[in-house]
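Visitor: here is my input, please return the structure:
(chains A and B)
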Number of protein chains: 2
Amino acid sequence: MAFHYEVRKEASDSRARLGVIHTTHGSIETPVFMPVGTQATVKTLTPVELETLDAQIILGNTYHLYLRPGSSLVAEAGGLHQFMNWKRPILTDSGGFQVFSLGDLRKISEDGVEFRSHLDGSKHFISPEISMKIQMELGADIAMVFDECAPYPADREYVSHSKDMTTRWAKRCLQRHSREDQALFGIVQGGMFHDLRRESAAELIDLDFPGYGIGGLSVGEPKPLMYEVLDELIPHMPRSKPRYLMGVGSPDALVEGVFRGIDMFDCVLPTRIARHGTVLTRTGKFAIRDLPYARDFSPIEEGCSCYTCRNHSRAYIRHLFKAKEMLGYRLTTIHNLHVLLQLMADMRRAIAEGSLAQFRKEFFQEYAG
Amino acid sequence: MAFHYEVRKEASDSRARLGVIHTTHGSIETPVFMPVGTQATVKTLTPVELETLDAQIILGNTYHLYLRPGSSLVAEAGGLHQFMNWKRPILTDSGGFQVFSLGDLRKISEDGVEFRSHLDGSKHFISPEISMKIQMELGADIAMVFDECAPYPADREYVSHSKDMTTRWAKRCLQRHSREDQALFGIVQGGMFHDLRRESAAELIDLDFPGYGIGGLSVGEPKPLMYEVLDELIPHMPRSKPRYLMGVGSPDALVEGVFRGIDMFDCVLPTRIARHGTVLTRTGKFAIRDLPYARDFSPIEEGCSCYTCRNHSRAYIRHLFKAKEMLGYRLTTIHNLHVLLQLMADMRRAIAEGSLAQFRKEFFQEYAG
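Guide: All right, here's what the predicted structure looks like:
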C-alpha cells in the first residue's frame, strides 16, 4: 500500500513532530491544515488557486457528496480527484458527523443511522459498511471510519456506550474496506472523559489503523478542556501514526494542537467566516464590512503575501461586500486560507529549527483572538 | 491628448474596419467587445482573469458607482483603475440609461433627471454637468455624454424631442468636460427614424467628439430593424472616429455589427446568462443545469481553449450549479466571455485577411441562436 507516515523530527520543547504522509497523489508535510471542500469545491476557489495557496490536501464531505451529486456519479467521473480536477491528496470524512448535525429525524441503532436529507427530506440509511462503499467510490487518499460523535455536554453513560459502538463500527469498517490505494483512519472518541479516551485509543490501536482521528472535540466545550483532553490522550497514541484533530481550525487551536502533537487539522472556519466578511490576521480578526474600512486603501494585512493583499485594498473589498459581489467572497477566502496555511508552514519551520515553544510564546503575545 | 483612433484597414467586402484606439492605459484593437464591470468588478472575476481572457477594455457603470461606493471615494482611491486594480483601459457610461431603467420615480426636465436610488430610495439628481463631474472623478479612459435614450416603441414626436435634448445635453457635457486624459464620446440617438438618426449624427459631428456611441438600439426592437438602422446610419458617421454600439453583445449581433462598421460593443449578456447557467457556444447556447449533462464528462465546448474547458466537465459544472456553489458562476462566466472575446479576435483576423464576408457566411451556417 502506497500510504505511509514518516516522522522526520520530534521536538524536544513540546510534543510536536515534523512528518511526511505519503499517498498515491503525493506527499503531505505535517503538521498540516486541510481546507474543507464540502461539495467537491473549496467554496469560491479553483483547484489552481488552492495549489497557489499551497494547500497540500483538502477534505471532502461524504454526507454531502453522497446526497449530491451521488457517489456513483463521482465514481463514474473517475473519483473525486478527477471529478473536481484536484490532483493532490484528498481526505473524506465518514458522513457520521453531518448525519448527526444536518440530517433530520435521525434514528441511531447498532446497525447504523437512518435520517432524512437536509436537501429534500428524502429518507436514507448509512451504516459503517455503506460509508465504506461511498468513500471507496469517492476514492480519496484517506477515508475515515463511520463513528458516533457524542455531543457536549453528555453524561458518562452515553459517552461510554457511544465510544463502545464507535469501536464496534470501526471493526465493521475495517472488515468492509478493501481499497488498497486508500488509507482508512480510526477515530478516537470518549468525550471529555480521560479514561474513556484512553480505552478508545487502546481499542483502535489494537485494530492497527494507519492513522487516527480524534473526534468529539471542538463540539462546544471550552478550549482549555479540549487542550486538557489532548494532554492526557496524546501520550497513549502511537508515535508512528498521524494524529488528526477533526474540525479544529482557529489559529490559537492550531498552535495549541501542534504543540500537543497533532499532525492534521481541518475546519470550515477560515472559509465560512470569509464569506461573512471576517478576515483573519496574525493577531486576530476583523469585519471588513465595518465603516472604518470604507476609505482604508491599505491591504487586509500589511506585509501579507497572498493574492488579495498584493492586489486589493480593504476599501475595495468592503465595497464588494456591501455590493454583494462574489469577488469579495473569493478575496477574503484566499486571504483567510493563506493565513492558516502560512501559520502551519511557520510552525513546521519552527519545529525544524527546534523553536516551537518560543514560536508559541510569541504567537500568544500578539494574538488577541 | 493621449486618446486617438487609427484605422488600420477598411474591408472591401463589408463596412468593417480594423483599427486601434490609443489611450493612456494602453491600446485597444478594434472591433472590440467590452465586458461589463458594473460595480467596479466584472462579476465573479479578478482583473488577472480578465487579462488572461484578453479583455482589452472593460466598462464601468456610472449610475451604480455614483450610488455605491460613490465617485468621491473612487477618486480618493486614485480613480477606478486603482480602486479595482485594473491596469488596462476603462469606459464609463453616462448613467443616463440606468437612471431611466433602474431609478424610481424619475422626473426628466431640460435641466437633468431627478430619480430615487434603486438601493435605498434616496433622492438624487443627475444633469449633464453632474454626469461629467462623476465620470471625471471615476477617471475612465473614455467617458460618455449624458443622453436620453428613447424607449421602443416611441412615436416620432417623442423621439425627435429626445434627440434634440440629447444634442443640447451633449453640448453642455462638452462644455463641462475638462479631463485631458479622458476622451468624451457623443451618443447618436433618433430611435428607429432614419432621418432623426442622420440629424443626430450631423449635430454631434459638428461638435467634433473623438468617438461616437450609437444609443437607443437593442432596447426591445426586432434585430432586423436594428441592422436596418445601422445600414442607414453608418455611412453618415465619420470614418476617422470609433463607433460604439451600446448594449449589444449577442454573438449574431456582434457579427452583424462588425460587418456594418461597428468598432466597439458592450453587453451584460455573456456574464448575466453565465450566472443563470446558460453557456455560449459557437453554434448557440445551452443550459448547463439540464439533466442530460449530469453524467457528461466532456467540456462545455470541445476544442475550446478557455480555463473552464481545459479543466472542468459539464457534469462538474452542473453539480456546482445544482449545489449553488460560486465556482460554478465563475467557470461559466470565464467560458462565455472567452467565446465572445475569441469571436472578436477571429473577426479581426478575418478583416485583416479580407475574408469577413466569408467568415460571416460560415458563422451563420452554424449558428442556431
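Visitor: isn't A:Ile58 right up against A:Ile90?
Guide: Yes. The pair formed by A:Ile58 and A:Ile90 meets the contact definition of CB atoms under 8 Å, at 5.9 Å. The way it works is simple: take the backbone N, C-alpha and C, and place the C-beta from them, glycine included.
Visitor: skipping its backbone neighbours, what lies nearest the residue nearest the centre of chain A in space?
Guide: Central residue check for chain A by CA atoms, centre = their mean: the C-alpha nearest the mean position is that of A:Asp266, 1.6 Å away. Distances taken as CB to CB, 6 or more residues apart in numbering or on different chains place A:Met34 nearest to A:Asp266, at 4.2 Å, with adjacent residues excluded.
Visitor: got the angle between the longest helix seen in chain A and helix B:326-352?
Guide: Counting residues, the longest helix in chain A under DSSP state H turns out to be helix A:326-352. On the basis of axes from the mean of the first three to the mean of the last three CA atoms, to 10 degrees, helix A:326-352 is oriented at 110 degrees to helix B:326-352.
Visitor: common neighbours of A:Ile58 and A:Ile90, please.
Guide: Common contacts of A:Ile58 and A:Ile90 (CB atoms under 8 Å, 6 or more residues apart in numbering or on different chains): A:Gly37.
Visitor: give me phi/psi at the residue nearest to the centre of chain A?
Guide: phi -150, psi 150 (degrees, to the nearest 10).
Visitor: ok, it - contacts?
Guide: A:Phe33, A:Met34, A:Pro35, A:Val36, A:Leu59, A:Leu91, A:Tyr244, A:Met246, A:Gly247, A:Val248, A:Gly249.
Visitor: how close does A:Phe209 sit to chain B?
Guide: Distance of A:Phe209 to chain B, given as CB to the nearest CB, to the nearest Å: 31 Å.
Visitor: for chain B, give me its nearest residue in the stretch 101-250 of chain A.
Guide: A:Leu119 (9.3 Å; CB to the nearest CB).
Visitor: and the gap between that residue and B:Val255?
Guide: Separation of A:Leu119 from B:Val255 (CB to CB, to the nearest Å) stands at 43 Å.
Visitor: more neighbours, the two?
Guide: B:Val255 (22 against 12; other CB atoms under 10 Å in any protein chain shown).
Visitor: what secondary structure does that one sit in?
Guide: Secondary structure, DSSP: H, G, I helix; E, B strand; the rest coil: B:Val255 is helix.
Visitor: endpoints of stretch A:72-90, how far apart?
Guide: Distance between the two ends of stretch A:72-90: 18 Å, counting by CA to CA, to the nearest Å.
Visitor: how about that stretch: buried residues?
Guide: Applying a neighbour-count criterion of 16 or more other CB atoms under 10 Å in any protein chain shown, one finds A:73-77, A:79-86, A:88-90 buried in stretch A:72-90.
Visitor: buried stuff in stretch A:314-334?
Guide: A:314-323, A:325-334.
Visitor: quick revisit: can you redo the contacts of A:Asp266 as CSV with secondary structure, neighbour count and pLDDT?
Guide: Formatted as CSV, the contacts of A:Asp266 follow (DSSP: H, G, I helix; E, B strand; the rest coil; neighbours: other CB atoms under 10 Å in any protein chain shown; pLDDT from 0 to 100):
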residue, secondary structure, neighbour count, pLDDT
A:Phe33, strand, 27, 98
A:Met34, strand, 25, 98
A:Pro35, coil, 25, 98
A:Val36, strand, 22, 98
A:Leu59, strand, 25, 98
A:Leu91, strand, 28, 98
A:Tyr244, strand, 25, 98
A:Met246, coil, 25, 98
A:Gly247, coil, 22, 97
A:Val248, coil, 23, 97
A:Gly249, coil, 23, 96
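Visitor: picking that back up, and the residue nearest to A:Asp266, how far from chain B?
Guide: As judged by CB to the nearest CB, A:Met34 and chain B stand 18 Å apart.
Visitor: how close does that residue get to B:Val7?
Guide: 57 Å.
Visitor: A:Tyr244 too?
Guide: 66 Å.
Visitor: sorry, back to before: just to check, the residue of the stretch 101-250 of chain A closest to chain B is in contact with A:Leu67?
Guide: Yes. Counting by CB under 8 Å, A:Leu67 is a contact partner of A:Leu119 at 5.7 Å.
Visitor: how about the residues of the stretch 201-350 of chain A that lie near chain B?
Guide: A:294-295, A:297, A:307, A:311-313, A:315-316, A:319-320, A:322-323, A:325-327, A:329-330 (CB under 8 Å from any CB of the partner chain).
Visitor: give me that answer again for 7 Å
Guide: The stretch 201-350 of chain A comes close to chain B at residues A:294-295, A:297, A:311-312, A:315-316, A:319-320, A:322-323, A:325-327, A:329, as judged by CB under 7 Å from any CB of the partner chain.
Visitor: nearest to A:Ser200, of the residues you listed?
Guide: A:Tyr329 (38.7 Å; CB to CB).
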